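Trainee: from the sequence below, what's the structure:
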Amino acid sequence: MNTLYGNVQNNILAKAQQIKLLVCDVDGVFSDGRIYLGNDGEELKAFHTKDGFGIKALGASGVNVAIITGRNSSIVANRMKALNVAHIIQGQEDKLPALILLTQQLNIDLNEVAYIGDDVPDLACIEAVGLGISVSDGHPLVLRGADYTTFTKGGFGAVRETCDLIMQSQGSLTSASGASI
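Mentor: Okay, the predicted model is just below:
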């Protein structure tokens with residue numbers, strides 16, 4: 001089937017239609033993976049407003065959104081709070097146990113979860129969920145293990161593409177509204 005980003009196999013859209021929870025890694029997915037460090041220890045990251053709009057629109061459509069990341073960062077916490085992401089899980093080097101606990105708390109089956117990542121620490125989650133997604137510039141092992149690879153690179157709209165895919169498959173894409181943040 002043709003989506004806004006390109007042709008997608010029908011089985012991917014069928015999986016996306018079942019999604020009740022989108023879980024995202026942060027570095028390399030919401031950002032391009034680079035971390036800028038200042039002389040005084042200040043850390044900076046760049047986030048794309050397209051991804052922000054996608055997350056807000058997806059949440060408004062009724063799909064839960066979470067992040068699971070290996071690092072701890074107040075920048076990430078602040079950004080996710082601004083996007084109304086209710087489940088912000090940081091400091092998780094082994095992400096699968098955190099994912100399983102979250103799905104149990106939300107009473108959501110792993111088959112109803114989409115997970116988007118870019119590197120080996122994400123692979124177990126990508127392989128465990130109903131729709132495992134890699135950004136287009138993901139690690140080769142992640143690209144091989146994913147059900148779907150975005151057309152867009154991490155930090156440049158891959159999260160938005162994922163949100164659009166889920167919303168298109170669920171018939172809620174055209175009702176998305178609001179402001180990019």
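Trainee: drop to CA atoms for contacts and neighbour counts, all remaining ones
Mentor: Noted.
Trainee: centre-most residue in the chain?
Mentor: Cys24 (3.1 Å; Cα atoms, centre = their mean).
Trainee: contact partners for the closest residue to Asp51 other than its chain neighbours?
Mentor: Residue nearest to Asp51 in three dimensions, not counting chain neighbours: Arg160, with 4.4 Å by Cα to Cα, 6 or more residues apart in numbering. Counting by Cα atoms under 8 Å, 6 or more residues apart in numbering, Arg160 touches Lys50, Asp51, Gly52, Phe53, Gly54, Ile55.
Trainee: out of the helices and strands in the chain, which is least certain?
Mentor: Lowest by mean pLDDT, DSSP states H and E among the helices and strands of the chain is strand 43-44, with a mean of 88.
Trainee: after that one, which helix or strand is next? Please name it.
Mentor: Counting by DSSP states H and E, the next helix or strand C-terminal to strand 43-44 is helix 49-60.
Trainee: contacts for that following helix, please.
Mentor: For helix 49-60, the external contacting residues (Cα under 8 Å, 6+ apart) are 30, 64-65, 83-85, 156-161, 163-164, 166-167, 176-181.
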